[in-house]
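Enquirer: A structural model of the following input is requested.
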Amino acid sequence: MNANIQPLGPLVDIRELNVRFGHAEPVLHGVSLQIHRGECLALVGESGSGKSVTARTLAGLTGKGAQINAAKLAFQGVDLRELDERSWQRLRGASIGFVMQDALGALDPLRRVGAEVEEPLQLHTRLGSEARRLRVLQLLRDVGIPEPELRASQYPWQLSGGLRQRALIASAIACNPRLIIADEPTTALDATVQAQVIALLESLRGEDNALLMVSHDLSVVSRLADRVAVMRHGVIVEQGTTEQVLQDPRHPYTQLLLRAARAVHFQPERRVLTAVAPDPQPEGEVLLEAKGLSKSFVGPDGRKRTVLNQVSLQLRRGETLGVVGESGSGKTTLTRLILGLETADAGDVWVAGQQWSTLDAKEKRQARKAVQVVFQDPLNSFDPRYTVQRVLFEALAVAGLPRRDWRSRALQLLELVRLDASVLSRRPIELSGGQRQRIAIARTLACEPQILICDEPVSALDVSVQAQILELLDDLKQRLGLACLFISHDLGVINHVSDRVLVMKDGEVVESGSVRAVFDRPVHAYTRALIAAIPTLDARHEPTEFYLQVAI
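Expert: Modelled structure (predicted):
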């Protein structure tokens, strides 16, 4: 097959596509869509809607058990139904680039980043080794990766999430493919890094190629897409221009998605400030305090880098402190110091009145029960062999509860997170994303903590489920008197849930205060850039250069 064929008509033409696995019901029902050169089409919908299956079908990645039939399934005029695996291998990478959501999972942890980016060049070009090396470095520069020589020599797990995602994009575009498929390309990226990746994807579109973006994030869609197709239960329920679908949705399901997105993610209506009111002082018992925390690490190049510099904070009972900042700002290191998983070079942490540096290992394990973590991806924190009952029973054993009380307490925990006993016999993989996150929250409550650290707890969830989990966390905070340290890249979420905000950049706190003071009267240029990056529904035509200049 000649990858340079340029027939007339759409670049991608799908008519009445149906996909099923085994004897189950079809996961795609009569899907029809077209993608034209020079445009971006966004597929939106909740988990299980069929978005990713549609994208993978276009790349020949549905798997051997998939049964595919369609009235038409064409790319560049070539009938994709007739391709064997060897033909697909020639097509992928050369003419179709695929950017997956989980860059850490998509990149080989045992291969250096440079080798990952170079692989499609080895497979699909006749470039010599030196020419490939130079091309790899140029690709890394093109996607905004600093110090490309150093990064090319590192492994994926040594990079931040934003850098890994850019490396994955560099690999996908190495051979200048005609179609770039991006499956949730900005999930869990910080606001400024997300803006950079969006700008990068936008820059990759030319007159002769196109972008298919799969996303549950309507803020990303509003910025990047020309047209939107809304999917539910394997069916396209609405399709049209981005402006029409997001501003005047016709289908009730689209309307539901937009209501949930507006409630959590989009720019709040700015208040007219006639006078500068004093920032209200927080009240309540201090449950967590950090004073002057500093931490340095030696990098792979042998240089010592300061990742945290004189960071201080207080968290009081019943309040939520939001922590924001781009990848590399020090959020993760701060969390590890608060949990006692790392030792600070300077400064100390007090949890429920106990000073970490004065405790031995046994005392730390006991004190750590007071502070529990809700992670971004609960599925990876569960043993896949365990049922929900065993997950909760194990947590209750650690909490020191007698075995005879485990079941009754497990049922109480499920009630707290609004689930019933029917989930006890199921494994986490059998649950929806929202149900898994509720189980993760129930597990953290087993030790009756005073403090919850929420590390991107909703970024991987569908927009309607995000609103439910945020409401649940707020309810638990009020009912149980919890304090919450909420770490998120999503400024809309931070604005929605926080009482106070801590803004971090390059390991330092550049601004802090009440959520209203910081969002309505930001002082630092970086804070202003973050807040400007909170999307509006017509944000697609807003320039992203300002965010790029501040973040790079």
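Enquirer: alpha carbons of the top helix by length along the chain, as PDB, please.
Expert: Determined from DSSP state H, the single longest helix within the chain is helix 463-480. Taking C-alpha atoms only, helix 463-480 is exported to PDB below (Å, rounded to 0.1, in the frame of the first residue of the first chain):
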ATOM      1  CA  VAL A 463     -17.300  14.500  34.000                       C
ATOM      2  CA  SER A 464     -20.700  13.500  35.400                       C
ATOM      3  CA  VAL A 465     -19.000  11.100  37.900                       C
ATOM      4  CA  GLN A 466     -16.500  13.800  38.900                       C
ATOM      5  CA  ALA A 467     -19.300  16.000  40.200                       C
ATOM      6  CA  GLN A 468     -20.700  13.100  42.200                       C
ATOM      7  CA  ILE A 469     -17.300  12.200  43.800                       C
ATOM      8  CA  LEU A 470     -16.600  15.900  44.700                       C
ATOM      9  CA  GLU A 471     -20.000  16.100  46.300                       C
ATOM     10  CA  LEU A 472     -19.300  12.900  48.300                       C
ATOM     11  CA  LEU A 473     -16.000  14.200  49.500                       C
ATOM     12  CA  ASP A 474     -17.600  17.500  50.700                       C
ATOM     13  CA  ASP A 475     -20.300  15.600  52.500                       C
ATOM     14  CA  LEU A 476     -17.800  13.300  54.200                       C
ATOM     15  CA  LYS A 477     -15.700  16.300  55.200                       C
ATOM     16  CA  GLN A 478     -18.700  17.900  56.900                       C
ATOM     17  CA  ARG A 479     -20.100  14.700  58.500                       C
ATOM     18  CA  LEU A 480     -16.800  13.400  59.900                       C
END
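Enquirer: begin at 33 from here
Expert: Okay, residue one is now 33; in that scheme the one you just asked about reads as helix 495-512.
Enquirer: which elements pack onto it?
Expert: helix 284-296, helix 465-477, strand 483-487, strand 515-519, helix 523-529 (3 or more C-beta pairs under 8 Å, 6 or more residues apart in numbering; DSSP states H and E). From N, CA and C alone the C-beta is placed, and that goes for glycine too.
Enquirer: let's go with 7 Å and repeat that
Expert: With contacts defined as 3 or more C-beta pairs under 7 Å, 6 or more residues apart in numbering; DSSP states H and E, the packing partners of helix 495-512 are helix 284-296, helix 465-477, helix 523-529.
Enquirer: list the buried residues of that helix.
Expert: By 16 or more other C-beta atoms under 10 Å, the buried positions in helix 495-512 come out as 495-502, 504-505, 508-509.
Enquirer: got it, and stretch 438-454?
Expert: The neighbour-count check on stretch 438-454 (16+ other C-beta under 10 Å) flags 438, 441-442, 445-446, 448-449, 451 as buried.
Enquirer: how about stretch 322-336?
Expert: Those would be 322-323, 325-327, for stretch 322-336 by 16+ other C-beta under 10 Å.
Enquirer: now these as JSON lines including distance to Arg143, secondary structure and pLDDT?
Expert: Shown next, in JSON lines, are the buried residues of stretch 322-336 (distance: C-beta to C-beta, whole Å; DSSP: H, G, I helix; E, B strand; the rest coil; pLDDT from 0 to 100):
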{"residue": "Ala322", "distance to Arg143": "38", "secondary structure": "strand", "pLDDT": "95"}
{"residue": "Lys323", "distance to Arg143": "42", "secondary structure": "strand", "pLDDT": "95"}
{"residue": "Leu325", "distance to Arg143": "35", "secondary structure": "strand", "pLDDT": "96"}
{"residue": "Ser326", "distance to Arg143": "34", "secondary structure": "strand", "pLDDT": "96"}
{"residue": "Lys327", "distance to Arg143": "29", "secondary structure": "strand", "pLDDT": "95"}
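Enquirer: which stretches of the stretch 433-582 of the chain aren't confidently modelled?
Expert: In the predicted model of the stretch 433-582 of the chain, residues 567-582 satisfy pLDDT under 70.
Enquirer: returning to that earlier point: which of the buried residues of helix 495-512 lies closest to His265?
Expert: Nearest to His265 out of these is Ser496 (C-beta to C-beta; 14.3 Å).
Enquirer: which one is that closest one nearest to, not counting chain neighbours?
Expert: Among residues not flanking Ser496 along the chain, Ala292 sits closest, at 4.3 Å (C-beta to C-beta, 6 or more residues apart in numbering).
Enquirer: contacts only, for the one you found.
Expert: 495-496, 499 (C-beta atoms under 7 Å, 6 or more residues apart in numbering).
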